[in-house]
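**Student:** sequence and predicted structure below; questions after.
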Amino acid sequence: MFVKVNGIRLYVDVEGSGLVPDGPRMRQKPTLILLHGGPGADHSIYKPAFSTLSDIAQIIYYDHRGCGRSEDGPRESWTLAQWGDDVKGLCDALGIEKPIVLGTSFGGFVAQSYATRYPEHAAKLILISTAAKVDFPTIYAAFERFGGTKAGAAAKAYWSNPSDGTRQIYREICVPLYTPRARGPAEWLPRLISRNETGVRFNGPNNEQGRFDFRAALANLNYPVLVMGGEDDPIMPIAFSETIAGSLPPEHLRFERFAGCGHGIVPDDPERTLEVLRNFILADA
């Protein structure tokens with residue numbers, strides 16, 4: 001379905017009931033909002049793995065503006081400020097209060113934009129394989145370490161100069177390094193809607209990806225935050241997760257490292273990842 005948010009239509013999907021029978025009463029489950037990576041991808045990255053959480057939470061999937069099935073809006077609005085405002089706007093449109101907001105990779109940038117712009121709005125925050133500040137030389141070195149000089153060169157070519165051509169080479173050489181332990185073929189990749197223009201506009205040190213910095217603002221968050229990262233992640237190296245963890249109030253932080261996992265900790269270690277998520281969602285519920 002489509003929901004009008006901040007002047008455009010966002011594609012939204014819902015899994016699981018919000019209210020469930022519990023003996024003589026109706027019990028409300030928490031709402032889990034999933035912010036997908038990219039930019040330019042869509043929410044299908046989360047399916048079907050996250051369906052297993054629908055017994056404990058109502059899950060809201062959606063595509064960011066300029067991504068997937070959602071409308072573009074003005075391209076000048078493809079900014080973290082607007083994407084963060086869209087999270088709040090979607091909650092307002094759907095009547096969602098105190099959500100648990102989960103962002104992976106680029107979705108983690110959006111989640112931090114939302115959380116730092118509306119620090120009292122969420123109940124909990126989950127940041128997976130993402131960064132508060134991107135350091136590109138660290139990314140180039142990680143790709144060379146995990147994939148050799150060819151991967152390092154392809155990563156540097158794309159991220160330093162995003163274009164359709166460099167993005168295609170990067171996708172062929174570097175994306176397979178995202179999930180070194182995944183079981184079976186990457187079924188999510190062919191069904192993904194990939195909007196190159198959104199990534200090309202946002203990515204790289206000379207675009208907004210090179211300018212944003214949430215490190216100082218994260219110190220103001222006053223609710224539980226779960227940070228998760230793979231120790232063999234080439235695109236969002238574990239050092240980025242360590243920086244996020246070090247920027248958050250320690251009394252609200254839970255930091256989980258995943259040995260032998262890459263950018264996709266769910267396909268690389270689905271049992272542990274989903275167990276950690278389930279425990280965090282249920283904590284003090």
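**Tutor:** The structure has been received and is ready for your questions.

**Student:** what about the strands in this protein?
**Tutor:** All strands of the chain, identified by DSSP state E, fall at 2-5, 8-15, 19-22, 25-28, 31-35, 58-62, 100-104, 124-128, 225-230, 253-258.

**Student:** and those strands as JSON lines, adding distance to Asn279 and mean neighbour count?
**Tutor:** From N, CA and C alone the C-beta is placed, and that goes for glycine too. JSON lines is the format used below for those (distance: least, CB to CB, whole Å; neighbours: other CB atoms under 10 Å):
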{"stretch": "strand 2-5", "distance to Asn279": "30", "mean neighbour count": "16"}
{"stretch": "strand 8-15", "distance to Asn279": "20", "mean neighbour count": "18"}
{"stretch": "strand 19-22", "distance to Asn279": "20", "mean neighbour count": "10"}
{"stretch": "strand 25-28", "distance to Asn279": "19", "mean neighbour count": "10"}
{"stretch": "strand 31-35", "distance to Asn279": "14", "mean neighbour count": "26"}
{"stretch": "strand 58-62", "distance to Asn279": "17", "mean neighbour count": "23"}
{"stretch": "strand 100-104", "distance to Asn279": "13", "mean neighbour count": "26"}
{"stretch": "strand 124-128", "distance to Asn279": "12", "mean neighbour count": "26"}
{"stretch": "strand 225-230", "distance to Asn279": "9", "mean neighbour count": "26"}
{"stretch": "strand 253-258", "distance to Asn279": "9", "mean neighbour count": "18"}
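
**Student:** quick one, which of those strands gets closest to Ala155.
**Tutor:** Nearest to Ala155, of all those, is strand 225-230, at 16.4 Å by CB to CB.

**Student:** mind listing what the nearest residue to Lys156 once chain neighbours are set aside touches?
**Tutor:** The shortest distance from Lys156 to any non-neighbouring residue, by CB to CB, 6 or more residues apart in numbering, is to Tyr140 (4.7 Å). Applying CB atoms under 8 Å, 6 or more residues apart in numbering, one finds that Tyr140 lies in contact with Gly152, Ala155, Lys156, Trp159.

**Student:** Glu71 too?
**Tutor:** Ile8, Arg9, Leu10, Arg65.

**Student:** over to Phe106?
**Tutor:** By CB under 8 Å, 6+ apart, the contact list for Phe106 reads His36, Gly37, Gly38, Pro39, Ala41, Thr130, Phe202.

**Student:** now, which of these lie within helices?
**Tutor:** Using DSSP state H, the members of those that fall in helices are Phe202.

**Student:** for the nearest residue to Glu15 once chain neighbours are set aside, list each beta-bridge partner.
**Tutor:** Spatially, and ignoring its direct neighbours in sequence, Glu15 is nearest to Ile59 (4.3 Å; CB to CB, 6+ apart). Assessed by DSSP bridges, Ile59 has beta-bridge partners Glu15, Leu32.

**Student:** save the strands of the chain as CSV, and put in distance to Ala216 and mean pLDDT too.
**Tutor:** Listed next are those as CSV, based on distance: least, CB to CB, whole Å; pLDDT from 0 to 100:
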stretch, distance to Ala216, mean pLDDT
strand 2-5, 28, 98
strand 8-15, 29, 98
strand 19-22, 39, 93
strand 25-28, 35, 95
strand 31-35, 22, 98
strand 58-62, 28, 98
strand 100-104, 19, 98
strand 124-128, 16, 98
strand 225-230, 15, 98
strand 253-258, 16, 98
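
**Student:** in CSV: those, plus distance to Thr166.
**Tutor:** Below are the strands of the chain laid out as CSV (distance: least, CB to CB, whole Å):
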stretch, distance to Thr166
strand 2-5, 32
strand 8-15, 28
strand 19-22, 48
strand 25-28, 47
strand 31-35, 25
strand 58-62, 29
strand 100-104, 23
strand 124-128, 26
strand 225-230, 24
strand 253-258, 29
